Structure formats: C-alpha cells, structure tokens
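Engineer: what's the 3D shape of this:
(one chain, ligands or ions: 1)
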Amino acid sequence: MNGAIIAAAPNIRVAQLFFVAPGYRKNMSSKDLPMRILEGGRKRVAPLCCTRPDEESPDAALAVTYNKYHIANSVEVSEWESGKSLDNILENQGITIRRRPLTGPPAHAVGPFEFRLENAGNTPRNILEKIIWNKDVEVAQLKERKPLGMLAKEIQNAPPVRDFLGALKASFQQTGMPALIAEVKKASPSRGVLREDFDPVQIAQTYQKNGAACLSILTDEKYFQGSFENLEAVRRAGVECPLLCKEFIIDAWQIFYARSKGADAILLIAAILPDLDIKYMTKICQKLGLVALVEVHTEREMVRVLGIDGIQLIGINNRDLGTFEVDISNTKKLLEGERGQIIRQKGITVVGESGLFTPDDIAFVQNAGVHAVLVGESLIKQDDPGKGIVQLFGRDISS
Ligand SMILES: O=P(O)(O)OC[C@@H](O)[C@@H](O)c1c[nH]c2ccccc12
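Structural biologist: Below is the predicted model:
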C-alpha cells in the first residue's frame, strides 16, 4: 500500500474501530490516526489537517489546512484525540444517527454460501441512517477513484463561484418576499418519483425565468435519482442562478467534489454532523469560496449551530428526515424567543425548507422570520414548474 502512518499524539487510549470502511485497515486503533495516504509510495510528514478548537484563542481555532494528498476528517481527528468512538461523540451532541453499521455490513460470503447475519448493529433504524451508511461506502469508492490531488487540479478549471447568499439577500430585498431556492428533484424516498419527464436543464431554466434566486440540485442517485451530471449540466448550460449541491455530506472530500462540478453552495445537515465537522467543513467552504447551508430540524440542533462561529446561512427543515413527517410550524417554533434574537443579532439568513405548497404557507414562514424558502415537490409536480412559482407565491416574482 502506498501509505505512511504519521506519529500519534502521546497518551492515546486505544479504541477499536468497529466498522472498516474501504481504505481503512482492519482493527486499526485510534493510535494510528491521523493517517495520511500518500501517492507514489513516498513517506512524507504532512501537517495535521484539523486541530481541535482552542477555547482560549478563537482565532487559532480549527486551523484547517489541506494538502493535495489527503484531508483528515475532523471526526477521525476527534476519535483519535479523545479515544472515543464516532458514535460516542455523536451521542453526546444528541445525534441519534449512527454513521456506520456497528457490526459491519450484514452480508457475509463464505465460499458459495452467503450468510446474512442481520442484527441490531447492522440494521439501519431509519431512512436517514440507511442513506448515510450507503453514502459512506459510496464516498469511500469515489475517493479511491479520484484522490484529493486529482480533484484539486480539477477545481482549478471549475467555473467561478457565484454569490449564493448575495443572490438570496438581493431577491428578498427586491421582491419583499422570501427568496426562492427552487429544487431540481426527480424523486424522493418519501414521495417516490415526482416527475417522469425530467429534464434538469430545462427545469432549471424555467425556474430561473420565473424568478428563482437560486437553485438546489439533488445529486444523490440511490434515493433521490439525482446526479452530479445534473449539477454539471445545469452549470454548463449557462444558468445564472447560483447552485446548491444537495447532497448528504459526511466527508470533506465531497465538498471539493461539489466545487469541481460547479456548485456555489453545499448542504451540511446538523442531524448527521457533529459540531466539529460543521466547523471544519465551514472553514473548507470559506477556503473554496462556497457558502454552507446548515440544516437543522430540532431546537437542540438550532442551539448547537447558533453556537458555531461563522455560520451565515441556516435552513430549517420542516421534514423530519428520519420519519418523513412534515410540519411547517417547525420553522416558527425554531425561530421563537432567544434563538430568533441571536439569529437577528448575528445577521444570519434563514431558509424555510420543505412542505411549502400555497401562498399561505409562504406567508406563514415569512411571518415566522425566514428570508428564503427551499421548495421542491410543489413546483416540480406541476406541468409547468414555472407557473408553479406564480401559484406558490400568489404573484409573479420574476420582475
Ligand atoms: O420537496 P419539498 O417538500 O418542497 O422539500 C424540498 C427540500 O426542502 C427537501 O428536498 C430537503 C430538505 N433537506 C433535505 C436534505 C436532503 C434531501 C432533501 C432535502
């Protein structure tokens, strides 16, 4: 293997990693982290890519560096530092999603036989967990095919980043209504196929023409029938609305990948990412010129995210990604009281997400305090998704 293990910090407790993702060695201990995979068999000491935030010197907090060989994800670093497993870290922040199956994948092939050893540790408890476990394997494979060094080169040739946040603010000011992030989404696990004749470029152009400030392009293939080709195609077709890459990001590598495909913004979901990941990934976004839309669904997630410096854009999802239940009063609940005050003080832009179908819904979330809305189903299902925008807002927002 072309690899080198860099010295571990002193006083490390040894913890076993239960799940071995592709690229990891079996029974790797926390002592071995951080690990740098190097190209060409050369051994080289790389700087630590992420350091723990230092409470006393916020400026030095989370010094993110990356080289063209490897990025250590902050969760790996925190596992390494604390000797705790990732799930332990997540649990402490109220995150119930387990990022990997504890007992490994359920299927075991022995010779011609396949034993399916299903147990509580390898059966996803809900759809979000299922998506994340699948994503973990998918990303590991993609990373092997395209290491960061290769991606970094591609980013140099990527089209320039557009100002996603600026476009939302300008539209909000101009129309006096929440800016629209219109979603290019073919299907979802909760609703099935939303539109059979799905032409992402044509839909994107219609959205733009009818007043969308920005677009959201689903890239998850397995559960949403989206793709990075769709993102690239919309960008290449000259659509001017800034683009959000709608993906389940669990690894910093995916942010670089999104940028290489022309994204202007990415999604970070607080239900699956611990604070340290959100901080670290936000820093990477800043370095790449992207904005992060940080999505929350519960009060606890909102409080966590408000405690993180540098967050400019928060999305409140009205849909519980674990159960699919939708309740638009969630946006109001999360913006009430002290949380709303902090948002106003910090000048954070808020997006109301999911389950918005009528002008009354738009008025409801606007009164609750949002500056933008993220809408998929109610537009994409219309014969003419452009007219869908007029119906949704109760007026033409394109001029
Ligand atoms: O189709 P709707 O109900 O208008 O929802 C759009 C968008 O909010 C939803 O697709 C979404 C919000 N957060 C997500 C995270 C991943 C996948 C999808 C989503």
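
Engineer: Quick check, pLDDT for the residue of the chain found nearest the ligand.
Structural biologist: Sorted by distance to the ligand under Cβ to the nearest ligand atom, the residues of the chain start with Gly376, at 2.8 Å. (Glycine included, C-beta is placed from N, CA and C.) At Gly376, the model reports a pLDDT of 98.

Engineer: That one contacts Arg195, doesn't it?
Structural biologist: No: contact criterion Cβ atoms under 8 Å: Gly376 and Arg195 do not qualify, at 10.2 Å.

Engineer: Settle it for me: which of these two has more neighbours?
Structural biologist: Neighbour tally, Gly376 and Arg195, criterion other Cβ atoms under 10 Å: the higher count belongs to Gly376, 24 against 19.

Engineer: In stretch 142-156, which residues are buried?
Structural biologist: Residues of stretch 142-156 classed as buried: 143, 148, 151-152 (neighbour count, 16 or more other Cβ atoms under 10 Å).

Engineer: Would you agree Leu293 falls within a strand?
Structural biologist: Yes: secondary structure of Leu293 (DSSP: H, G, I helix; E, B strand; the rest coil): part of a strand.

Engineer: Can you report how many residues lie near it?
Structural biologist: Counted with other Cβ under 10 Å, Leu293 comes out at 30.

Engineer: Kindly report the same for the one 3 residues further on.
Structural biologist: With neighbours defined by other Cβ under 10 Å, the count for Val296 comes to 24.

Engineer: what bridges to it?
Structural biologist: Ile316 (DSSP bridges).

Engineer: pretty sure it is in contact with Ile272, am I right?
Structural biologist: No: Val296 is beyond contact range of Ile272, at 11.6 Å (criterion: Cβ under 8 Å).

Engineer: Residue ranges in this structure under the pLDDT threshold?
Structural biologist: 1-84, 108, 114, 116 (pLDDT under 70).

Engineer: Which residues of this protein lie near the ligand?
Structural biologist: 183, 185, 246, 295, 317, 353-356, 374-378 (Cβ under 6 Å from any ligand atom).

Engineer: Show me those that map onto strands.
Structural biologist: Applying DSSP state E to the residues of the chain next to the ligand, the entries found in strands are 183, 246, 295, 317, 353, 374-375.

Engineer: and which of those is nearest Arg304?
Structural biologist: Glu295 (12.0 Å; Cβ to Cβ).

Engineer: quick one on the thing from earlier: output the buried residues of stretch 142-156 as CSV; include the columns secondary structure.
Structural biologist: Converted to CSV, those look like this (three-state DSSP):
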residue, secondary structure
Lys143, helix
Leu148, helix
Leu151, helix
Ala152, helix
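
Engineer: Out of those residues, which comes closest to Lys387?
Structural biologist: Leu151 (39.5 Å).

Engineer: re earlier: list only buried entries from the ones in strands among the residues of the chain next to the ligand.
Structural biologist: 183, 246, 295, 317, 353, 374-375.

Engineer: Among the ones in strands among the residues of the chain next to the ligand, which pair sits farthest apart?
Structural biologist: Going by Cβ to Cβ, the pair spanning these furthest: Glu295 and Val375, at 14.7 Å.

Engineer: Now do the shared contacts for Gly376 and Arg195.
Structural biologist: The contact sets of Gly376 and Arg195 do not overlap (Cβ atoms under 8 Å, 6 or more residues apart in numbering).

Engineer: can you give me the strands for the stretch 51-200 of the chain?
Structural biologist: Along the stretch 51-200 of the chain, the segments classed as strands by DSSP state E, counting those that start in this stretch run 107-110, 113-116, 179-184, 187-188, 192-193.

Engineer: just those: most buried one?
Structural biologist: strand 179-184 (a mean of 28; mean count of other Cβ atoms under 10 Å).

Engineer: and the angle for it with strand 291-296?
Structural biologist: 80 degrees (axes from the mean of the first three to the mean of the last three Cα atoms, to 10 degrees).

Engineer: what's next to strand 179-184, contact-wise?
Structural biologist: Residues outside strand 179-184 that contact it (Cβ under 8 Å, 6+ apart) are 167-172, 200, 203-204, 207, 211-218, 226, 230, 234, 244, 246, 351, 371-376, 379-380, 385, 389, 393, 397.

Engineer: can you list the domain ranges for this structure.
Structural biologist: 3-107+116-153, 160-393 (automatic domain parsing).

Engineer: So Asp87 is in contact with Pro101, correct?
Structural biologist: No: with contact defined as Cβ under 8 Å, Asp87 and Pro101 do not form a contacting pair (10.5 Å).

Engineer: C-alpha coordinates for stretch 187-205, PDB please?
Structural biologist: The C-alpha trace of stretch 187-205 is given here as PDB (Å, rounded to 0.1, in the frame of the first residue of the first chain):
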ATOM      1  CA  ALA A 187     -37.800  11.600  -6.700                       C
ATOM      2  CA  SER A 188     -37.500  11.200  -3.000                       C
ATOM      3  CA  PRO A 189     -37.700   8.300  -0.700                       C
ATOM      4  CA  SER A 190     -40.900   9.600   0.900                       C
ATOM      5  CA  ARG A 191     -42.800  10.600  -2.300                       C
ATOM      6  CA  GLY A 192     -41.400   8.300  -4.900                       C
ATOM      7  CA  VAL A 193     -41.000   9.700  -8.500                       C
ATOM      8  CA  LEU A 194     -42.200  13.200  -8.600                       C
ATOM      9  CA  ARG A 195     -41.800  13.800 -12.300                       C
ATOM     10  CA  GLU A 196     -41.400  11.300 -15.100                       C
ATOM     11  CA  ASP A 197     -40.300  13.600 -17.900                       C
ATOM     12  CA  PHE A 198     -37.400  15.000 -16.000                       C
ATOM     13  CA  ASP A 199     -35.100  17.300 -17.900                       C
ATOM     14  CA  PRO A 200     -32.900  19.000 -15.300                       C
ATOM     15  CA  VAL A 201     -31.600  21.800 -17.500                       C
ATOM     16  CA  GLN A 202     -35.000  22.700 -18.900                       C
ATOM     17  CA  ILE A 203     -36.500  22.700 -15.400                       C
ATOM     18  CA  ALA A 204     -33.600  24.900 -14.100                       C
ATOM     19  CA  GLN A 205     -34.100  27.400 -16.900                       C
END
